[in-house]
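# Pasting a predicted model and its sequence here:
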Amino acid sequence: MDGNIFRFKQFCVRNEKSAMKVGTDGVLLGAWCNISSAKRILDVGTGTGLVALMIAQRNAMAKIDAVEIDSVAAEEAEMNFSHSPWGERIAVKIADFRNFAADEKSPYDAIVSNPPYFGGLISSDGRRFAARHVNSLSYSELLTKSKQLLKADCGNIFLVTPGDVKEELEAEICLQSLRVREQTLVFTKVGCKPKRLLWWITNYKCECVKSELMIYASPGVYSDEYIQLTKDFYINL
């Protein structure tokens, strides 16, 4: 296979056409989210389909909808799904999530998203800008729509975000009458500020558990905890 294909233990991801490539954020979210008992799952902004594929590998019973606004990326995700062992359980939906219409009789148990998060001026690469910038889908819009699509009083939302949006997102979660069940600070190395945050958000009462995850134990060497989290996916772990 060529350089545009990323190999995992049980599947491959072609990321030639999608504006957003395979990266650590998606791997973290796909490996960390607690979806073991979920039967219907929605992946918002699926891109290459990486997170949806990881979830399909982890949960043999779940049916997954993968929504993507970019038709080119959606085409590539659909190809990745069809070449995986779980293609029959993953459906691509080309749509703007803000206007996404789901089956009201079958709400989702869980919604996962590696959402856009960069602000600033519009890039000359319009597709990459839309995939990376909050201008295309704000946290408020993401949470509002997710809340509408979840099962009442038992739904879960899983996100990966930059570390510096902690207070902003916590305020928005409160405004939406949602709750944080788990919050994991992700550090790239000792002595650094958290680069990413992993969020488990619910629409039911719960206590918040806070934890930390270190990616590297030393330069170029993954930590034991990161290896334990991702060993079912990365070929060399």
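Cool, got the structure.

# my read: residue 137 touches residue 67, true?
No. Using C-beta atoms under 8 Å, residue 137 makes no contact with residue 67, being 10.8 Å away. Heads up, the C-betas are built off the backbone N, CA and C, glycines and all.

# Give me the common contacts of these two.
Contact criterion C-beta atoms under 8 Å, 6 or more residues apart in numbering; residues shared by residue 137 and residue 67: 45, 97.

# For this structure, which element, helix or strand, carries the lowest mean pLDDT?
In the chain, no helix or strand scores lower on mean pLDDT, DSSP states H and E than helix 126-132, which sits at a mean of 45.

# In stretch 217-236, which residues are buried?
For stretch 217-236, a neighbour-count test (16 or more other C-beta atoms under 10 Å) marks 222-223, 226, 229-230, 233-234 as buried.

# list the contacts for the closest residue to residue 107 other than its chain neighbours?
Leaving aside its sequence neighbours, residue 107 sits nearest to residue 151 (C-beta to C-beta, 6 or more residues apart in numbering; 4.6 Å). Residue 151 is in contact with 107-109, counting by C-beta under 8 Å, 6+ apart.

# and if you look at residue 142?
By C-beta under 8 Å, 6+ apart, the residues touching residue 142 are 44, 97, 113, 115, 159.

# likewise residue 178?
143, 147, 157, 201-203 are the contacts of residue 178 under C-beta under 8 Å, 6+ apart.

# Just flag the most distant two among the residues you listed.
143 and 202 (11.7 Å; C-beta to C-beta).

# Residues that sit against both of the two, list them.
Joint contacts of residue 143 and residue 202 (C-beta under 8 Å, 6+ apart) are 157, 178.

# Which of the two has more residues huddled nearby?
residue 143 (22 against 19; other C-beta atoms under 10 Å).

# what about the helix or strand containing that one, distance to the chain center?
Assigned by DSSP states H and E, residue 143 falls within helix 139-149. Offset of helix 139-149 from its chain centre (C-alpha atoms, centre = their mean, to the nearest Å): 14 Å.

# Next: stretch 48-66.
With C-alpha atoms, centre = their mean, you get 11 Å for stretch 48-66.

# buried residues in that stretch?
Applying 16+ other C-beta under 10 Å to stretch 48-66 flags 48-59, 62-66 as buried.

# where does residue 197 fall, phi/psi-wise?
phi -130, psi 140 (degrees, to the nearest 10).

# Tell me how far it lies from residue 159.
Distance, residue 197 to residue 159, by C-beta to C-beta, to the nearest Å: 8 Å.

# Quick one: end-to-end distance for stretch 39-56.
Terminal residues of stretch 39-56 are spaced 11 Å apart (C-alpha to C-alpha, to the nearest Å).
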